[in-house]
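Engineer: what follows is a predicted structure for the sequence shown.
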Amino acid sequence: MKKGLQNILLSATAALVLAACNLSTAQNSAVEDTQIGLRNVELKDEANVKNPLITWKGDLPGSNEVFERSYENAPPLIPHSLDGLLPITLESNACLTCHTIEVAKEMGTIPAPQSHYMYLSTGKKTKEINTERFNCVQCHVPQANAEPLVKNNFKADFRNTESNRTSNLVDVLNQGIK
Ligand code: HEC
Ligand code: HEC
């Protein structure tokens, strides 16, 4: 046999042996289904699932501490309680009574930003909050006293001092493109 071919065959055999070893260690350390996910019960068990105790922080709108944004241009958490404001339906969206550009000043709230008054895919502006943003709680969730279920070392970096409290997505969206 030629030397080159011999070498190739040898390394192919070595690779096979290695793969077999990997397989057997994988089998030995098989993950139990109680270890998958964050519920810590068997996957098919629906009876013993316990949700972690969460204290929602919010009181009536107008009386709450506002958390810093999770990262620049993250959807802000809702600082107030949602009592009486849900569900959002086609006919009734209580969020609009306080957060549209027209009423925000009068209601003492931050209005929904420009990104909610345009279709980001086309840049087409809309007079009212557009349909893509209608279901506010799809992106905005209430503040809670809850420990992260998984340790996370992420620390947000804000490029300027206001961006931990306000958003400017539309202004920065095309940065580096134009
Ligand atoms: C009665 C008026 C009112 C209604 C209705 C209302 N909000 Fe608010 N919202 C406020 C006020 C006032 C604040 C300022 C924080 C506070 O004091 O609670 C606020 C703050 C917020 C913020 C935080 C903005 C920031 O600067 O971080 C978000 C997000 C928000 N509201 C979302 C919603 C959503 C979603 C709904 C509908 C489910 C809603 N709000 C309904 C009055 C209202
Ligand atoms: C598809 C996700 C999504 C939906 C739906 C959505 N938002 Fe937002 N919202 C965001 C994001 C992301 C930001 C921050 C970046 C930005 O400026 O767009 C934001 C920012 C905001 C802010 C802060 C504005 C500021 O100047 O800092 C308010 C208030 C707000 N949204 C209210 C609402 C209300 C009220 C609705 C429902 C009518 C809504 N949002 C629906 C994603 C969403």
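Structural biologist: In hand now; what should we look at? Ligands and ions are numbered 1, 2, ... in the order given.
Engineer: hey, let's count contacts and neighbours off CA atoms from now on
Structural biologist: Will do.
Engineer: pretty sure T97 contacts G108?
Structural biologist: No. Distance between T97 and G108: 11.5 Å, which falls outside the contact criterion (C-alpha atoms under 8 Å).
Engineer: how about the helices in the chain?
Structural biologist: Using DSSP state H, the helices of the chain run over 3-28, 96-99, 101-107, 169-172.
Engineer: contacts for the second one, please.
Structural biologist: It stands for helix 96-99. Contacting residues not belonging to helix 96-99 are listed as V103, A104, M107, T109, I110, P111, A112 [C-alpha atoms under 8 Å, 6 or more residues apart in numbering].
Engineer: recalculate using a threshold of 6 Å.
Structural biologist: With C-alpha atoms under 6 Å, 6 or more residues apart in numbering as the test, helix 96-99 has contacts from A104, M107, P111, A112.
Engineer: and the gap between the first one and R165?
Structural biologist: Spatial separation of A104 from R165 under the definition C-alpha to C-alpha, to the nearest Å is 16 Å.
Engineer: show the pLDDT at the residue nearest to N168 when sequence neighbours are not counted.
Structural biologist: Here the nearest residue to N168 in space, its sequence neighbours aside, is N73; by C-alpha to C-alpha, 6 or more residues apart in numbering that works out to 6.8 Å. Confidence per residue is given as pLDDT, and for N73 that number is 97.
Engineer: in this structure N73 contacts S167, no?
Structural biologist: Yes. Counting by C-alpha atoms under 6 Å, N73 does reach S167; the two are 5.2 Å apart.
Engineer: more neighbours: which of those two?
Structural biologist: With neighbours defined as other C-alpha atoms under 10 Å, N73 and S167 compare such that S167 has more, 20 against 17.
Engineer: can you tell if stretch 56-68 touches ligand 1?
Structural biologist: Yes. Interface with ligand 1: stretch 56-68 contributes P61, G62, S63, N64, V66 (C-alpha under 6 Å from any ligand atom).
Engineer: ok, so of those residues, who is nearest E42?
Structural biologist: Within these, distances to E42 taken as C-alpha to C-alpha reach their minimum at V66, with 37.9 Å.
Engineer: any idea how far the closest one is from ligand 2?
Structural biologist: V66 sits 11 Å away from ligand 2 when distances are taken as C-alpha to the nearest ligand atom, to the nearest Å.
Engineer: what's the closest non-adjacent residue to the residue most central in space within the chain?
Structural biologist: Centre of the chain computed as the mean C-alpha position; nearest residue by C-alpha atoms, centre = their mean is C139, 7.7 Å away. Setting aside the residues directly before and after it, C139 is nearest to P75 in space (C-alpha to C-alpha, 6+ apart), at 6.4 Å.
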